[in-house]
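Q: Could you work out the structure for the sequence below:
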Amino acid sequence: MSNRWRDALSRRFGNDLPMANSAISANSLPVEPATGPFGPNGAIGTGIAEKSAVKARNADEDDIAERTAIIEVETGAPKEWAEGVARLCAMSRPSAIPSGRWQQLVDDGARFVECYGAEAAALGWDTLAIFGVDARRPLARLDQAGAVALLDGRDVVRLDAERIVLKSTATGGLLSIYRKPDSREPRVLLWELSPLLLNGG
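A: All right, here's what the predicted structure looks like:
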């Protein structure tokens with residue numbers, strides 16, 4: 001993960017910096033015990049648990065907003081990309097994507113935004129072109145994949161208005177990514193993938 005804004009986040013949040021696979025959600029935060037009063041249909045404590053879950057979700061959104069602001073200021077990237085990386089770092093890994101590959105996607109997204117985000121946006125690259133994937137098969141449909149999904153640890157060696165050229169650190173081979181025309185296939189952004197995606201690998 002990138003160092004400059006990661007350090008800024010660490011200074012602000014201490015060691016409580018979420019990484020891939022460490023979801024921050026209402027399900028992962030402590031909920032007040034169900035001790036009453038009576039909730040709907042006579043269930044004890046339901047009202048307290050619901051209020052606690054809403055409070056946890058609101059706290060999560062506040063954290064995302066603050067992390068987004070730090071990334072945006074430190075990188076000069078568009079706010080949507082900064083927020084996307086903040087959400088990517090905090091979200092659960094979709095079950096169809098292997099753990100190591102998911103961590104690489106998160107790292108590649110952070111690295112791209114830090115090193116090339118401002119420049120790519122200025123050249124007219126849009127969010128789907130950088131962070132898009134096929135909605136049903138995000139890793140298998142390379143023809144639908146944006147730049148981050150294709151990075152897979154590669155280095156960016158050229159970036160212009162028409163293409164991004166990647167170089168493999170292992171083999172030295174080059175891969176060119178061209179802008180994709182609007183597709184009729186459903187595409188989503190990496191941070192919109194469902195954690196329950198079962199057939200997308």
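Q: Does Asp63 fall in a helix, a strand, or a coil region?
A: Following DSSP: H, G, I helix; E, B strand; the rest coil, Asp63 is assigned to helix.
Q: what's the spacing between it and Ile70?
A: Per Cβ to Cβ, to the nearest Å, Asp63 is found 11 Å from Ile70. Any C-beta I mention is one placed from the backbone N, CA and C, and that applies to glycine too.
Q: Tell me which of the two has more neighbours.
A: Neighbours were counted for Asp63 and for Ile70 using other Cβ atoms under 10 Å; Ile70 has more, 20 against 17.
Q: in what helix or strand does that one lie?
A: helix 46-75 (DSSP states H and E).
Q: Let me see the mean pLDDT of the next helix-or-strand element following that helix.
A: Downstream of helix 46-75, the first helix or strand assigned by DSSP H and E is helix 79-90. Mean pLDDT, computed over helix 79-90, is 94.
Q: in the very next helix or strand once past helix 79-90, what counts as buried?
A: Downstream of helix 79-90, the next assigned helix or strand under DSSP H and E is helix 99-122. By 16 or more other Cβ atoms under 10 Å, the buried positions in helix 99-122 come out as 102-118, 120-121.
Q: buried set for the helix or strand following helix 99-122?
A: Note on helix 99-122: by DSSP H and E, the next helix or strand toward the C-terminus is helix 127-131. Residues of helix 127-131 classed as buried by neighbour count (16+ other Cβ under 10 Å): Leu128, Ala129, Ile130, Phe131.
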